[in-house]
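Engineer: Turn this into a model:
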Amino acid sequence: MGRRRKITEPLPREVEMFLEMLAAERGAARNTLESYQRDLGDFSGFAKSQRMVPAHASADLLRKYLKHLNGTGMSARTQARRLSALRQFFRFLYAERLRDDDPTTVIDSPKIGRALPKYLSEDEVDRLLMCAADHPGADGKRLVALMEILYATGLRVSELVGLPLTAVSRDGRILMVRGKGDKERIVPLSEPATDAIAAYLAVRDRYLPHGKGAKGGGAKGGRIGKDSPYLFPSRARQGYLTRARFAQILKELAIEAALDPTRVSPHVLRHSFASHLLAHGADLRALQQMLGHADISTTQIYTHVLDERLKQLVNSAHPLA
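Structural biologist: Now for the predicted structure:
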């Protein structure tokens with residue numbers, strides 16, 4: 001994959017307007033905005049190197065940019081994402097009458113194969129959960145709660161670590177999740193997840209920056225102290241457990257479970273949740289709702305996982321195999 005061009009200059013005004021529209025009208029998440037900013041910032045730098053104004057780019061310049069990306073060794077999938085960002089940007093310029101055409105309409109997307117999601121077997125997930133349960137004290141209860149919620153719901157890691165305390169229903173059986181595009185969805189919890197949350201809440205004060213058992217200090221930014229609104233508070237700047245820290249904890253847990261840590265990540269557990277649920281007869285529409293997919297086509301990739309399982313079953317169990 002090629003190196004990302006460092007954005008050292010201010011973004012063009014048109015790009016800033018586009019990002020403001022995504023935030024204000026579409027409720028785009030911070031991570032989404034940062035991704036668009038990086039992609040469009042990279043293109044802006046390339047356009048300027050060609051002595052072109054990014055917003056006035058021609059189809060030829062776009063083709064030249066894609067050729068440049070390919071020359072850096074960037075994967076076809078990442079190139080396609082860059083082009084998707086450019087399509088959105090130029091559609092915005094055309095809709096706002098900031099230009100008379102959309103040059104991306106004549107650009108073909110890079111051909112990419114549809115990669116199957118990586119997931120763990122049910123036995124491997126069980127090993128992770130058992131190892132988590134072996135951890136003593138408050139850290140163990142928090143780890144079990146994180147793992148049980150993730151495997152019971154398939155939340156995105158950003159949704160998991162940033163869960164507000166109020167997301168858990170009074171009976172502990174339902175989560176109200178605010179996902180991409182600021183859309184809310186209701187996700188049921190398994191009995192083990194409900195029990196794990198109850199056990200963790202009894203020791204949650206341990207993780208409050210100024211709560212019982214905390215050793216001074218406090219988070220910069222965000223709300224801190226006993227009034228922290230987060231289910232998994234921490235001393236991190238944003239006031240809750242960071243995605244990077246949870247990913248690190250998960251890698252350490254994988255090693256304890258004698259699993260290859262490169263195969264284990266929060267997103268792999270999300271894929272595992274979806275794959276296992278579908279294999280046990282879940283409805284695709286229900287799975288779409290729980291995963292928070294806007295389009296059913298995104299959820300349908302898991303049917304390919306099921307197809308692969310069926311092929312493996314036939315090859316291993318059929319008497320003529």
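
Engineer: So, low pLDDT: which residues of this structure?
Structural biologist: Filtered on pLDDT under 70, the chain yields the residue ranges 1-8, 112-116, 209-226, 304-321.

Engineer: same thing but at 80, please
Structural biologist: Along the chain, segments meeting pLDDT under 80 span 1-9, 110-117, 180-182, 209-227, 281, 294-321.

Engineer: domain assignment for it?
Structural biologist: Structurally, the chain divides into domains by automatic domain parsing as follows: 13-106, 122-314.

Engineer: Any chance of the backbone angles for Tyr240?
Structural biologist: For Tyr240, the backbone dihedrals (degrees, to the nearest 10) come out as phi -140, psi 160.

Engineer: before we move on, what about Ile107?
Structural biologist: With angles defined as degrees, to the nearest 10, Ile107 sits at phi -100, psi 130.

Engineer: Please tell me I have it right and it contacts Leu83.
Structural biologist: Yes: the criterion here is C-beta atoms under 8 Å, and Ile107 meets it with Leu83 at 6.6 Å. Using the backbone N, CA and C atoms, a C-beta is placed for each residue, glycine as well.

Engineer: Can you tell me the closest non-neighbouring residue to Ala145?
Structural biologist: Nearest residue to Ala145 in three dimensions, chain neighbours excluded: Tyr200, at 3.8 Å (C-beta to C-beta, 6 or more residues apart in numbering).

Engineer: Only the buried residues of the strand or helix carrying the one you found, if you could.
Structural biologist: Tyr200 belongs to helix 191-201 when assigned by DSSP states H and E. Buried residues in helix 191-201, counting neighbours by 16 or more other C-beta atoms under 10 Å, are found at Pro192, Ala193, Thr194, Ala196, Ile197, Ala199, Tyr200.

Engineer: returning to what we had before: intersection of neighbour lists for Ile107 and Leu83?
Structural biologist: Leu62, Leu66 (C-beta atoms under 8 Å, 6 or more residues apart in numbering).

Engineer: More neighbours: which of these two?
Structural biologist: A count of neighbours by other C-beta atoms under 10 Å puts Leu83 above the other of Ile107 and Leu83, at 21 against 17.

Engineer: What residues does the more buried one make contact with?
Structural biologist: Contacts of Leu83 by C-beta under 8 Å, 6+ apart are Leu62, Leu66, Thr104, Ile107, Ser109, Pro110.

Engineer: export the residues you listed to TSV and tack on distance to Ile186?
Structural biologist: Below are these laid out as TSV (distance: C-beta to C-beta, whole Å):
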residue	distance to Ile186
Leu62	42
Leu66	41
Thr104	37
Ile107	40
Ser109	35
Pro110	38
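
Engineer: Please check those and keep the buried ones.
Structural biologist: Leu62, Leu66, Thr104, Ile107, Pro110.

Engineer: any idea how far Arg81 is from the second one?
Structural biologist: Just to be clear, that refers to Leu66. Distance from Leu66 to Arg81, counting by C-beta to C-beta, to the nearest Å: 12 Å.

Engineer: Please apply the same query to Phe43.
Structural biologist: 12 Å.

Engineer: Between the two, which is the more surrounded one?
Structural biologist: Ranked by neighbour count (other C-beta under 10 Å), Phe43 and Arg81 place Phe43 first, with 25 against 16.

Engineer: Relative to the whole chain's centre, how far out is the helix or strand hosting the more buried one?
Structural biologist: In the assignment (DSSP H and E), Phe43 maps to helix 30-49. On the basis of C-alpha atoms, centre = their mean, to the nearest Å, helix 30-49 sits 19 Å off its chain's mean C-alpha point.

Engineer: Could you do stretch 101-109 as well?
Structural biologist: Distance of stretch 101-109 from the chain centroid (C-alpha atoms, centre = their mean) equals 28 Å.

Engineer: CA atoms of it as PDB?
Structural biologist: Extracted in PDB, the C-alpha atoms of stretch 101-109 (Å, rounded to 0.1, in the frame of the first residue of the first chain):
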ATOM      1  CA  ASP A 101     -20.500  18.700 -14.700                       C
ATOM      2  CA  ASP A 102     -19.400  15.600 -12.700                       C
ATOM      3  CA  PRO A 103     -16.100  14.200 -14.100                       C
ATOM      4  CA  THR A 104     -16.400  11.000 -12.100                       C
ATOM      5  CA  THR A 105     -19.400   9.800 -14.200                       C
ATOM      6  CA  VAL A 106     -17.000   8.600 -17.000                       C
ATOM      7  CA  ILE A 107     -14.400   7.000 -14.600                       C
ATOM      8  CA  ASP A 108     -14.500   3.300 -14.200                       C
ATOM      9  CA  SER A 109     -14.000   1.900 -10.700                       C
END
